[in-house]
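J.: sequence? don't have it. structure:
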């Protein structure tokens, strides 16, 4: 992530800083939307992956290894979503695997878009950054856990 880059920059410039531990957005944003990254009987593994390289290019990823992980969370992957989905399918991930995009997570403008890997690969999913792109069966748990809509009385998107 960028936290390391920022810490190195500050250290090199002699600027004092303090690191405060917290929960990564890769875990907190999905859970805020009612999607845990792991769940007994559904997902025992997860990975957090960048959705694009440092210079904007498509990331060099071991897709076969990633396809075997229960839950995969892509950060900054909206612009490459079709390629990401197609690479996961090509590596053996079921095309019907559920996915969710969570735009502007944990803000009043939060929006969730559910779909499948196949629909994303075909270009049928319209989303806007910033968004987290999560792939995995845990997406189905949203219907049972979705506490935020109950609290806010929101209409499901």
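T.: Received, thanks. The structure displayed is predicted, hence computed values, not measured ones.

J.: and the next element down the chain from the helix or strand containing residue 12?
T.: Under the criterion of DSSP states H and E, residue 12 resides in helix 2-13. Past helix 2-13, further along toward the C-terminus, the next helix or strand under DSSP H and E is helix 25-32.

J.: Off-centre distance for that next one?
T.: Distance of helix 25-32 from the chain centroid (C-alpha atoms, centre = their mean, to the nearest Å) equals 8 Å.

J.: Also stretch 113-127?
T.: 14 Å.

J.: Need the residues that contact it.
T.: 78, 81-82, 84-86, 88-89, 93-101, 103, 133, 135, 139, 142, 157 (C-beta atoms under 8 Å, 6 or more residues apart in numbering). (C-beta placed from N, C-alpha, C; glycine too.)

J.: what about 10 Å?
T.: Residues outside stretch 113-127 that contact it (C-beta atoms under 10 Å, 6 or more residues apart in numbering): 33, 35, 77-79, 81-90, 93-103, 111-112, 128, 131, 133-135, 139-140, 142-143, 156-157.

J.: Same question for that stretch: list its buried residues.
T.: 113-118, 120-121, 125, 127 (16 or more other C-beta atoms under 10 Å).

J.: measure that stretch end to end?
T.: This stretch, stretch 113-127, spans 8 Å end to end (C-alpha to C-alpha, to the nearest Å).

J.: Same question for stretch 118-134.
T.: 14 Å.

J.: gap between it and the chain center?
T.: Using C-alpha atoms, centre = their mean, the offset of stretch 118-134 from its chain centre is 11 Å.

J.: if you average pLDDT over that stretch, what comes out?
T.: Averaging pLDDT along stretch 118-134 gives 98.

J.: same deal with stretch 9-29?
T.: On average, the pLDDT along stretch 9-29 is 94.
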